[in-house]
Structures are given as C-alpha cells and as structure tokens.
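In: Fold the following.
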Amino acid sequence: MKSKKAGKQRISQRDASIHTRRKRMRARLVTDDPDLKHVRSVTLRVGDEVEVTRGDFSHPNSVKADTRGKRLGQPRGRAGVKAKVASVDTKNGLIFVDGLTQSTADGKEEAVPVNPSNVIVTKLYEGDPIRIKRIVDRTSGGDSE
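Out: Residues are numbered from 1 along each chain as shown. Take a look at the predicted model:
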C-alpha cells in the first residue's frame, strides 16, 4: 500500500483480492522445531494446531463451565483452548477452531469466529510437506539440503 492515509488503507484492505486477503491471514508461530526457529509467523491453514491467546476462550485464570462466557453475559468461558483450525473464512478474515462453540437461542451449537491475530500456531499441519519445505527454504536462504 502506498498511501499513508488511514481511510485509504481501510479501503485497500476491504477491496483486496481473495488471494491477497488469504496471505494476510497470518499468525505467530511458536514451536520447538529447530528447522522453524527463524520463522516468525505463518499463513493459517486448516489442520494447523493453534492456541487462543485473546478473547473469551483464552484466559487461564478463569476456567468455568462450558455454558458460560462473556458472550452470554456471564464470567469468561474455557481457558487457553488448544485445538486444530476447523475452517478458514478468507472473505471475512476469520478462522474457526475445533471446540469453540456457543449455544444459540434455539439450543443449537454454533462455531465462534476468531481473528487470526488472536491465536498462536503451535504445530503446522503435517499433511503438506511441500508447504513446510517452502517455509523452511524461505527463512534459511534456500540452503535446506
């Protein structure tokens, strides 16, 4: 983006193409893997294991029952949820994590959307070795042999 004006920045974000929006859906990577020690953040993908660090499902000092939470007007819900990414909504820039649900008025369970900036990736999805190799190559300068 070339402009410094906040309004133009917001318009550019809103009007961005889908593949550009997809690349912006990144989250911090915290892992013990020595190959990935220089990687700061990664684009989120279905199957990645994440830990929620902000929002209703993040605070470790407030473990309550599953039926409670800030969204229901009660004390906060479950703490520090660690689970896999169930789906990625590129259009709205949100992700859905397994186990993050809230009950609707008619008793159904509905997934709670989470902003990618509010999670930490703890483990990458192992089903795509090309993705991991590409991430490692990008940070190591191409000498991964």
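
In: longest helix of this structure?
Out: Across the chain, the longest stretch assigned as helix under DSSP state H is helix 129-140.

In: Can you tell me what sits against that helix?
Out: Helix 129-140 has contacts (C-beta atoms under 8 Å, 6 or more residues apart in numbering) with 35-36, 38-39, 42, 45, 124-126, 144. In this view, the C-beta of every residue, glycine as well, is placed from N, C-alpha and C.

In: What is the neighbour count of G55?
Out: Neighbourhood size, G55 [other C-beta atoms under 10 Å]: 19.

In: That one touches S117, doesn't it?
Out: No. Judged on C-beta atoms under 8 Å, G55 makes no contact with S117 at a distance of 10.4 Å.

In: returning to that earlier point: buried ones among the contacts of helix 129-140?
Out: 36, 39, 42, 45, 124-125 (16 or more other C-beta atoms under 10 Å).

In: for the residues you listed, which one is nearest R22?
Out: R45 (9.8 Å; C-beta to C-beta).

In: how close does the closest one sit to K123?
Out: Noted for R45: a distance of 12 Å to K123, by C-beta to C-beta, to the nearest Å.

In: can you tell me which residues contact the residue positioned nearest the centre of the chain?
Out: The C-alpha lying nearest the average C-alpha coordinate of the chain belongs to P116 (C-alpha atoms, centre = their mean; 3.4 Å). Counting by C-beta under 8 Å, 6+ apart, P116 makes contact with 25-27, 44, 93-95.

In: who wins for most neighbours among the residues you listed?
Out: When neighbours are counted by other C-beta under 10 Å, I95 leads those with 26 neighbours.

In: what packs against the longest strand anywhere in the chain?
Out: For the chain, the strand that runs over the most residues, judged by DSSP state E, is strand 94-103. Judged by 3 or more C-beta pairs under 8 Å, 6 or more residues apart in numbering; DSSP states H and E, strand 94-103 is in contact with strand 49-52, strand 82-89, strand 109-114.
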